[in-house]
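> Have a look at this prediction, sequence included:
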Amino acid sequence: MFKNVLIPISSEFYNKQVLERGFSLAEKFKSKINLIYIIEEKTLNQTDRLSNSYRTPYEIAETKNEIIRKQRQAADNIVFEDAKYFFSNKNISFESKIHQGEFSRVIKNELRNKNYDLILMGFNKACVLNYRLFDEVKIPLWVVNKNDGRSILAVCSNLAPNVKVPDVSLKLSEVLNLELNMVYVIDIEDSVQVDEKIKRSDKKTGKDLMFIAQNFIQQMENKGIKVHLLRGSFEKEVIKATEKYNPKIVIIGREQKKKGLLGLPVKNLKRKLVEKCNYSILYLN
Amino acid sequence: MINNNFLKKLLKIRNRKDIFFILLAFSIVAIFYIAPTPKGLSHNGQVMIGILIMAAVLWITEAIPLAVTGLLIMIIQPLLHVMSPNDVFTSFGNQAVFFLVGAFIIAGAIEKHGLHRRIALRFLSYFEKSPRFFTLGIMTSCAFLSFIMPEHGVAALFLPIIASILIAMKIVPKQSNFGKISMLSVAFGCSIGSLGTLIGGARNIYAVGVLSDIGINITFFDWMKYSMPVVFIALPLVWLILQFSFPIEIKDISAARREINNQVTLEGKMSKNEMIVLVILIITILLWILFSSHKYLGLAVIAILGCILLFLTGVVNWKDVEKRVPWGIILLYGGAITLGIGINETGAGTWIADQIFNLAGVNLYLVILMMIVLTVMLTNVMSNIGAVAILLPIGMAVAPVAGMSPLLSSMIIALSGGLAFMFVIATPGNAITYSSGYFSIRDLFKAGALANIICIIVVYLVALLYWIGVLNLHII
């Protein structure tokens, strides 16, 4: 399932739990781990720009090289050392490299050059990364968070095609030996139905949405999965559900929530959920 | 079609945000130029207020380089007939400009021969007893070095030294409180130290330059006499804030000790050139302390004398000067000083002061507090010298109405202008240390906000108890 796993670690944020999770996945799925350490270009550029009037180009270049050298040293001595402990020493196939650039751009380039089945990463909102890749990559993306429960919470809704989530959740619950809880959220703030081609329908009545939801629940029950129906704001209901089920992982599909004013994404849904949720999330993009 | 192509080309050169702020800045000047003049303010004064706001917009948003804004301020005054070209460019010939040039060349010589690194390592080696004491050592060393070098250079020097030590200790970036405090100590130590002498930050010499234009001459020693209490009170208090904000989780400092010893060993013995730079530096500082008054040599003569000695002994050459003297800051300084003169000579400063007092009334203690708070807020969102350049002319106009001397208001604004602790964008020192990855934007804000509050109280108390109470600065 996850044969080729990409673990990107930014110089902005390092979470050892990502490597731990990478190790447990690699053991279960016999995966190959590719670790890339990204020296964040944004931070370097910001430093250059601010120093512009106060320091000479020579001094700025000197400092920039020094920063890059120290970041590489930190990657070698701390991150790659930990990675060796988790992977190489336990005979898990593992490769590592260092890149310089903008986090999302580097990852997208890497995805163009090589086939990956999963991106496994950490998250920290107090850094300069914008996490554009949450919306821009087309493969599953697993964001590791601090809380670690004993079940899987699969989230389906009127805002997603709900095709991948049931299958992947079932498979993961078998392989990881975790109880599966599934919820179906009817988002009352965005009353449309998203089809399998990820197209949003026109606004639907509450009755229509309930009918579609009950059909889905029936289908799942035929497969032996019990689904809990929730009504409310998608984000709030998902957060409430995580608190109730205490999952190890929350699985969310390709939700197509409406954009903000004039179609501008005020803050994307995926990032918002990662910020508010204390549990790991797997986005099936 | 032509317009469309031109716009496309323009958008390729500059981003939309920059273009918006540039247009906004020029529109402000245009509005102030054509708008009817209120009672009590001359047309030239009104245009100068427009130029002041334009400078603030460009310095805060950095839509064009800070130094280019300095140049723009210089040329826009003769262009709008507010001041004659002669008056504008004469003010740029202030001796403080040459003091800056000299100080940068001396700092360049120190950097070229690595003397600053040797001093830094020597300082740090005295503080290897415990993790907590070590962070005090980092802060103190940065502050002391910022007495003899520009603060940004000190931050750039300490970044690799401290990063090497933290890497040797296997300290994980952003997760270890010891890592956070160590790097924040560099940023805050440099900022606080830069208040101490005229060399630490260009805003200090800017204040001295503006004061000398109105006949108040401040020597190198005078400045130290006024500023050092702030430095020595703020330094331990800010260190304590860091300790409370991020309790240190490690106990063993032996890896740091080994790394410092390694680095000291790598430095080897002091070279002949380092020795020459050190001797010239000591001579220059002694001359500044003893003979920088106008009766004797003045600040600039001593600075340039130090430079000439460096050239005569062959420890620096002109290529080094080209490599290490940031001419941009000199131009920025020039723009700032002409802005101050324009504001005062057109009566714009007095008019702004009158409006403030009509609204808020006259209370010396409240005025002092407001000056400190406003400067600290502004310096956190724009360049230090820009913030001081905008507020100092207003502060000097406010001073006589509030019952204080221009010297007191200048000291308050210039020193508060160095307290940029809260944001990465506040000062290059913060940005340089942030790039190490050891603390987050939130960590900086958390510790920086507390440090700013404490430093506001320190400057306020020093102003009331020492500058006014002991030195009687309010009546000079």
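Cool, got the structure.
> What parts of the stretch 51-200 of chain B come near chain A?
B:62, B:65-67, B:111, B:150, B:152-153, B:156, B:159-160, B:163-164, B:167-168, B:170, B:172-175 (CB under 8 Å from any CB of the partner chain). Bear in mind the C-beta positions are built from the backbone N, C-alpha and C, glycine included.
> Filter the residues you listed down to the ones in helices?
Applying DSSP state H to these, the entries found in helices are B:Leu66, B:Ala67, B:Glu111, B:His152, B:Gly153, B:Ala156, B:Leu159, B:Pro160, B:Ala163, B:Ser164, B:Ile167, B:Ala168.
> In a markdown table, list these along with neighbour count.
A markdown table is the format used below for these (neighbours: other CB atoms under 10 Å in any protein chain shown):
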| residue | neighbour count |
| --- | --- |
| B:Leu66 | 23 |
| B:Ala67 | 21 |
| B:Glu111 | 22 |
| B:His152 | 26 |
| B:Gly153 | 27 |
| B:Ala156 | 28 |
| B:Leu159 | 25 |
| B:Pro160 | 20 |
| B:Ala163 | 28 |
| B:Ser164 | 19 |
| B:Ile167 | 21 |
| B:Ala168 | 18 |
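> from those, which two are the most distant?
Spanning the widest gap among those are B:Ala67 and B:Ala168, at 38.8 Å by CB to CB.
> Turn the ones in helices among the residues of the stretch 51-200 of chain B next to chain A into CSV, including distance to B:Asn317.
Output for those, formatted as CSV (distance: CB to CB, whole Å):
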residue, distance to B:Asn317
B:Leu66, 28
B:Ala67, 25
B:Glu111, 14
B:His152, 23
B:Gly153, 19
B:Ala156, 22
B:Leu159, 27
B:Pro160, 25
B:Ala163, 31
B:Ser164, 30
B:Ile167, 35
B:Ala168, 36
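> Serialize these to a markdown table and add fields for pLDDT.
Listed next are these as a markdown table, based on pLDDT from 0 to 100:
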| residue | pLDDT |
| --- | --- |
| B:Leu66 | 85 |
| B:Ala67 | 87 |
| B:Glu111 | 90 |
| B:His152 | 89 |
| B:Gly153 | 89 |
| B:Ala156 | 91 |
| B:Leu159 | 91 |
| B:Pro160 | 91 |
| B:Ala163 | 92 |
| B:Ser164 | 91 |
| B:Ile167 | 90 |
| B:Ala168 | 89 |
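> quick one, strands of the stretch 151-285 of chain A?
With strands called from DSSP state E, counting those that start in this stretch, the stretch 151-285 of chain A shows them at A:151-157, A:179-187, A:227-232, A:249-252, A:280-283.
> Turn these into CSV, including mean pLDDT and mean neighbour count.
Shown next, in CSV, are the strands of the stretch 151-285 of chain A (pLDDT from 0 to 100; neighbours: other CB atoms under 10 Å in any protein chain shown):
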stretch, mean pLDDT, mean neighbour count
strand A:151-157, 91, 25
strand A:179-187, 91, 22
strand A:227-232, 91, 16
strand A:249-252, 92, 25
strand A:280-283, 92, 24
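> Point out where the chain drops to low pLDDT.
This is for chain A. A:259-267 (pLDDT under 70).
> Can you look at chain B instead?
Short version for chain B, where the test is pLDDT under 70: B:1-4, B:6-14, B:360, B:475-476.
> And for the residue nearest the centre of it, nearest residue in space, chain neighbours not counted?
Geometric centre of chain B, nearest residue: B:Gly201, 3.7 Å, by CA atoms, centre = their mean. Once flanking residues are discounted, B:Gly201 sits nearest to B:Ser194: 4.2 Å by CB to CB, 6 or more residues apart in numbering or on different chains.
> Quick check: phi and psi at that neighbour.
phi -70, psi -10 (degrees, to the nearest 10).
> what about it, distance to chain A?
From B:Ser194 over to chain A the distance is 11 Å, taken as CB to the nearest CB, to the nearest Å.
> contacting residues for that residue?
The contact partners of B:Ser194, by CB atoms under 8 Å, 6 or more residues apart in numbering or on different chains, come to B:Ser146, B:Pro150, B:Glu151, B:Gly200, B:Gly201, B:Asn204, B:Gly418.
> could you pull out the helices for chain A?
With DSSP H, the ranges of helices along chain A come out as A:16-29, A:41-51, A:57-74, A:80-86, A:103-113, A:133-136, A:164-175, A:206-222, A:234-245, A:269-276.
> Go ahead and name everything in contact with the longest one.
For helix A:57-74, the external contacting residues (CB under 8 Å, 6+ apart) are A:11, A:39, A:44, A:47-48, A:51-52, A:55, A:98, A:100, B:111, B:153, B:156, B:159-160, B:163-164, B:167, B:173, B:323-324, B:326, B:432, B:435-437.
> Show me which residues of chain A sit near chain B.
Near chain B, when you scan chain A using CB under 8 Å from any CB, you find A:11-14, A:16, A:43-44, A:46-47, A:49-56, A:58-59, A:62-63, A:66-67, A:69-71, A:73-74, A:77-78, A:81, A:124, A:126-128.
> Need the buried ones from those residues selected in ChimeraX.
To isolate the buried ones among these in ChimeraX, judged by 16 or more other CB atoms under 10 Å in any protein chain shown, type:
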select /A:11,12,13,14,16,43,44,46,47,50,51,52,53,54,55,56,59,62,63,66,67,70,71,74,78,124,127,128
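> what residue of chain A is the furthest out?
Outermost in chain A, CA atoms, centre = their mean: A:Thr56 at 40.7 Å.
> Spatially, what comes nearest to that one if we skip its sequence neighbours?
Nearest to A:Thr56 is B:Pro326, by CB to CB, 6+ apart, at 5.1 Å.
> okay, now the one you found: neighbour count?
When neighbours are counted by other CB atoms under 10 Å in any protein chain shown, B:Pro326 registers 26.
> Now for B:Val388, which secondary structure element holds it?
B:Val388 belongs to helix B:384-402 when assigned by DSSP states H and E.
> Between helix B:151-168 and that helix, find me the angle.
Counting by axes from the mean of the first three to the mean of the last three CA atoms, to 10 degrees, helix B:384-402 lies at 130 degrees to helix B:151-168.
> Report the buried residues of helix B:384-402.
B:384-399, B:402.
> Show me what it is packed against.
helix B:43-61, helix B:202-213, helix B:327-345, helix B:348-360, helix B:364-379, helix B:406-416 (3 or more CB pairs under 8 Å, 6 or more residues apart in numbering or on different chains; DSSP states H and E).
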